[in-house]
Each structure stands twice: as C-alpha cells, then as structure tokens.
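*Asks:* Got a sequence here, can you build the structure:
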Amino acid sequence: ATGSKMVLREGRNALGRMSLIDCRTGRTIIDDHVLPREPIVDYLTRFSGIKPTDLNPKTSPHNLISSKHAYLKMRYLVDRGCIFVGHGLISDFLTVNIFVPPSQIIDTTDIFHLERRRLISLRFLVNYLLGKDMQQDVHDSIEDSIAARLLYMKALELKEQGIFDKVLHEIYDCGQRIDWKVGEL
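*Replies:* Prediction:
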C-alpha cells in the first residue's frame, strides 16, 4: 500500500513524503521525506502533514532523500512488478512523474466507485466501513497506506460474501443523506 504527500511549489505540487507498507505484513517498508528541488511556497500542512522542519536537513527527525532517489526507489518497485494499493494513486504517480502499468495498481478510489457518481474520500470510506475516524487534524501517509490496505481487504471480504454491490449502494445512500460529512456517521 502506498501513500504520498505533496507540498505546493509555485502553483504545482511536489512530492514531500513517500510511504509504502507491505500489504502482506502491514510493515512499513518505505517512509521517506523528500527534499524539495525548489523553494516551497506552502507546505499545505493540514493536507500533507508536513511542516517546514520536516524537510529541513538541519532540523528534520525524518529520513530525507532527494526527489531523484525517491523516483529511483519507486522505479525499482515498479520494475520488480510490485502491486500498489492505495487511494487516488494516479495523482500520486503523476506527481512523481512515473508510469505504473494499470495491472500493478489497485486503487480503492476505483473499487468503491459507482459510475457517474462522485468519488468517495478515504476518510469517509474508513469511517463508514471500518468505524474508525482518521485524518482528524492532519493527513499522515502511513495512516493513509494502512487505511487503503484495510479497505482493499474489506472489499475482498464483501465480494466473497456476495454483498459488495449492496454495501456500495448503501455507502452512496448514506453519503448523500448526510452530505458526505464524516461527523454525521
């Protein structure tokens, strides 16, 4: 499972953190903060979870790597045939500027989606299906990765029970009824 966070650069997003967990074990295999190539205009902390000290080589308590090193780590995993599980992965891969074959992507955004209907946020799905609130103050890419993994496993369970479509329609009905507000669940 993968999660990445971005920070704003002059009207663009850049990779700020790259987190991957092993879906078989749930163990974190990569959790790197990525040094910016250009000055950061806005860290988007509420959405990225990243603060200025996180990307400062003098003050960061995190493992810091270059954008090139982050790309090479991701490229290695893609070339080895790793399957990536996440929520909204296409935008993450575009930010890293890497092509991942569709056969290597399992996106919970797509799994929990009805045609011609809105996309459902990770937070809403986790609250509804797993009964857990997440991303209350700031996002955390490890938390996102774990949540995407659990949602994928839940989807497999619901499909095995033959009730996936019914539950998906219930999610949309509930979301519409409460205007997709997590606090109303």
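*Asks:* Just name whatever secondary elements whatever helix or strand residue 72 lives in is in contact with.
*Replies:* If you go by DSSP states H and E, residue 72 is part of helix 67-79. Applying 3 or more C-beta pairs under 8 Å, 6 or more residues apart in numbering; DSSP states H and E, one finds that helix 67-79 contacts strand 12-21, strand 28-34, helix 89-96. From N, CA and C alone the C-beta is placed, and that goes for glycine too.
*Asks:* Turn the ones you listed into TSV, columns for mean neighbour count.
*Replies:* Listed next are the helices and strands packed on helix 67-79 as TSV, based on neighbours: other C-beta atoms under 10 Å:
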stretch	mean neighbour count
strand 12-21	22
strand 28-34	19
helix 89-96	18
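*Asks:* pull the CA atoms of whichever helix in the chain runs longest into PDB?
*Replies:* In the chain, taking DSSP state H as the definition, the longest helix is helix 141-160. The C-alpha coordinates for helix 141-160 follow below in PDB (Å, rounded to 0.1, in the frame of the first residue of the first chain):
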ATOM      1  CA  SER A 141       0.700   9.000   4.600                       C
ATOM      2  CA  ILE A 142       1.400   5.900   6.700                       C
ATOM      3  CA  GLU A 143      -2.100   6.100   8.100                       C
ATOM      4  CA  ASP A 144      -3.400   6.500   4.600                       C
ATOM      5  CA  SER A 145      -1.500   3.500   3.400                       C
ATOM      6  CA  ILE A 146      -2.800   1.300   6.200                       C
ATOM      7  CA  ALA A 147      -6.300   2.500   5.600                       C
ATOM      8  CA  ALA A 148      -6.100   1.700   1.900                       C
ATOM      9  CA  ARG A 149      -4.900  -1.800   2.700                       C
ATOM     10  CA  LEU A 150      -7.700  -2.300   5.100                       C
ATOM     11  CA  LEU A 151     -10.300  -1.000   2.700                       C
ATOM     12  CA  TYR A 152      -9.000  -3.300  -0.100                       C
ATOM     13  CA  MET A 153      -9.200  -6.300   2.300                       C
ATOM     14  CA  LYS A 154     -12.700  -5.200   3.300                       C
ATOM     15  CA  ALA A 155     -13.700  -5.100  -0.400                       C
ATOM     16  CA  LEU A 156     -12.400  -8.600  -0.900                       C
ATOM     17  CA  GLU A 157     -14.400  -9.800   2.100                       C
ATOM     18  CA  LEU A 158     -17.600  -8.100   1.000                       C
ATOM     19  CA  LYS A 159     -17.200  -9.600  -2.500                       C
ATOM     20  CA  GLU A 160     -16.600 -13.000  -1.100                       C
END
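*Asks:* Nearest to residue 115 among the helices and strands packed on helix 67-79 would be which one?
*Replies:* For residue 115, the closest of the helices and strands packed on helix 67-79 is helix 89-96, at 17.1 Å, according to C-beta to C-beta.
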